[in-house]
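Q: With the sequence up front, the predicted model follows.
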Amino acid sequence: MPMDYNTWLDQPPFDWTQAEKEKHYVNLLSELTNRHSTACPPYGQALQTLNLKRAHYNELSKIPMLPISIFKTEELKSISDQEVFKVITSSGTSGMASHLYLDTTTASNQQFALYHIVESFIGSARLPMLIIDTPDLLKNRAAFNARGAAILGFSIFAKRKYYALKSDLSIDLESIRTFIQTYHDQPVLIFGFTFMIWQYLCEALVDYPGVIDLSNAIVIHGGGWKKMQDRAVSPQIYKKRLYDQFKIKEVHNYYGMAEQTGCIYMECEQGHLHASIFSDIIIRNPENFSPCAIGESGIVQVLTPLATSYPGHSILTEDTGTLLGIDDCPCGRLGKYFRIDGRIAKAEIRGCSDAHS
């Protein structure tokens, strides 16, 4: 039976110290590891191959982790085919796709976590929302790519949705004009993947005559930094462009992945990414996989007790990052805060917004 997370999911998302989180997580993730090892035979076989038997792990850093690429080659689920409610896919340039199998409980809990994390940044009121994408992504509700899953997830914050792009990804000027004219005097939300906003909003409207005033907007964006780095666009340049072109002052990047949908790491006012009470990170030394100290760069491991329908509760990503501090960010949010430095050298360039054709 799925664990009852209702009490935990009602907690403020950044109110646990790291010590408090780890006290809860060691038990939750130990239980999940053992449950997945029984319910998901390939996962159980992998643990046996590594000589990892059913156990209670006494430290967060000792929870077994899977390389993120394994979700491209193996069918990993701890539920029956009849319990599969939704399949999330994340494609890479190799053409191979990760498949994540969600039951109704996992999908609901992940959505709940996403809501509470973002609510703590933008408030609980639903806002008019401009989505820098095409509505065609949502046609198949049973199987989403990561962009579609993110759009659907963030749509819970929308009082009314407008899409900035047509089916062929050309700019829908009429939709954008209607959005601006209708809501020019009230707060609005703009959501999209990092590269999509840059290419299909900033660059598409660079020659637009007159001023496009979106100073009342909050922008939330994530993913796609590989393409931005290739264009020599840093987070600072990105934010400056949004301000210079649209007068947008409030911009929040987030780090997340299809393999742990909902457990996003939002960027605070200090420019730091934060782990909420719904997930955590460990930065690993790339040579011996030991945990890195604050200030040391390494490979990012992500953990969450919300991955109950598939063994995605402890994943070694292909991203590098640096832990910046614990419980002491000037923004006041507790827990770990960090930055993402890039991709592991020679790692496959996969990502929900990089593969946008």
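A: Arrived safely.
Q: Can you name the element that comes right after the longest helix seen in the chain?
A: Assignment by DSSP state H gives helix 18-39 as the longest helix of the chain. Per DSSP states H and E, the first helix or strand lying C-terminal to helix 18-39 is helix 41-49.
Q: one step back: list the buried residues of the longest helix of the chain.
A: 18, 21-22, 25-26, 28-30, 32-37, 39 (16 or more other Cβ atoms under 10 Å). To be clear about C-beta, it is placed using only N, CA and C from the backbone, and glycine gets the same treatment.
Q: Between those, which sits nearest residue 131?
A: Residue 131 has its nearest neighbour among the buried residues of helix 18-39 in residue 21, at 32.4 Å by Cβ to Cβ.
Q: tell me the contacts of residue 266?
A: 117-118, 121, 252, 254, 273-274, 276 (Cβ atoms under 8 Å, 6 or more residues apart in numbering).
Q: Could you check how far it is from residue 23?
A: Distance of residue 266 to residue 23, computed by Cβ to Cβ, to the nearest Å: 23 Å.
Q: again with residue 153
A: Applying Cβ to Cβ to residue 153 and residue 23 gives a distance of 29 Å.
Q: swap in residue 108?
A: In terms of Cβ to Cβ, residue 108 sits 25 Å off from residue 23.
Q: rewinding a little: kindly reformat the contacts of residue 266 as a markdown table containing secondary structure and distance to residue 319.
A: Formatted as a markdown table, the contacts of residue 266 follow (DSSP: H, G, I helix; E, B strand; the rest coil; distance: Cβ to Cβ, whole Å):
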| residue | secondary structure | distance to residue 319 |
| --- | --- | --- |
| 117 | helix | 19 |
| 118 | helix | 21 |
| 121 | helix | 22 |
| 252 | strand | 19 |
| 254 | strand | 13 |
| 273 | strand | 11 |
| 274 | strand | 16 |
| 276 | coil | 18 |
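Q: Which one of the residues you listed is nearest to residue 201?
A: residue 252 (16.0 Å).
Q: Can you spell out which residues form a bridge with the closest one?
A: Legend: beta-bridge partners of residue 252 under DSSP bridges are residue 220.
Q: which two of the buried residues of helix 18-39 lie the greatest distance from each other?
A: 18 and 39 (29.6 Å).
Q: got the contact list for the residue most central in space within the chain?
A: Of all residues in the chain, the one closest to the mean position by Cα atoms, centre = their mean is residue 256, 2.0 Å from it. Residues in contact with residue 256 (Cβ under 8 Å, 6+ apart) are 150, 222-223, 263-265.
Q: cool, and residue 127?
A: So residue 127 contacts 157-159, 187-189, 218 (Cβ under 8 Å, 6+ apart).
Q: how far does the longest helix of the chain sit from the chain's center?
A: In terms of Cα atoms, centre = their mean, to the nearest Å, the gap separating the centre of helix 18-39 from the centre of its chain is 21 Å.
Q: For residue 251, which non-adjacent residue is spatially closest?
A: In this structure, residue 251 finds its nearest non-sequential neighbour in residue 219, 4.5 Å apart by Cβ to Cβ, 6 or more residues apart in numbering.
Q: Also residue 70?
A: Nearest non-adjacent residue to residue 70, counting by Cβ to Cβ, 6+ apart: residue 76, 7.2 Å away.
Q: secondary structure element for the one you found?
A: Residue 76 belongs to no helix or strand, assigned by DSSP H and E.
Q: Could you tell me how many residues sit around it?
A: Residues near residue 76, counting by other Cβ atoms under 10 Å, number 22.
Q: any idea how far residue 27 is from the residue nearest to residue 28 when sequence neighbours are not counted?
A: Of all residues not flanking residue 28 in the chain, residue 305 sits nearest, at 4.0 Å (Cβ to Cβ, 6+ apart). Distance, residue 305 to residue 27, using Cβ to Cβ: 9 Å.
Q: Could you do residue 153 as well?
A: Distance, residue 153 to residue 27, by Cβ to Cβ: 28 Å.
Q: pLDDT below threshold where in the stretch 151-300 of the chain?
A: Scanning the stretch 151-300 of the chain for pLDDT under 70 picks out 224-226.
Q: SS state for residue 237?
A: helix (DSSP: H, G, I helix; E, B strand; the rest coil).
Q: contacting residues around residue 136?
A: Neighbours of residue 136 in contact, by Cβ under 8 Å, 6+ apart: residue 167.
Q: Secondary structure of it: a helix, I assume?
A: Yes: under three-state DSSP, residue 136 falls within a helix.
Q: Give me the pLDDT for it.
A: pLDDT, residue 136: 85.
Q: Pop the domain breakdown of the chain in here.
A: Domain segmentation of the chain under automatic domain parsing yields 15-76+278-343, 110-255.
Q: all strands for the stretch 201-350 of the chain, in order.
A: 217-222, 250-255, 265-266, 273-274, 280-284, 297-303, 314-326, 336-343 (DSSP state E, counting those that start in this stretch).
Q: Rebuild the ones you listed as TSV, extending it with distance to residue 166.
A: Converted to TSV, those look like this (distance: least, Cβ to Cβ, whole Å):
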stretch	distance to residue 166
strand 217-222	20
strand 250-255	25
strand 265-266	30
strand 273-274	33
strand 280-284	38
strand 297-303	35
strand 314-326	32
strand 336-343	31
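Q: All set, thanks.
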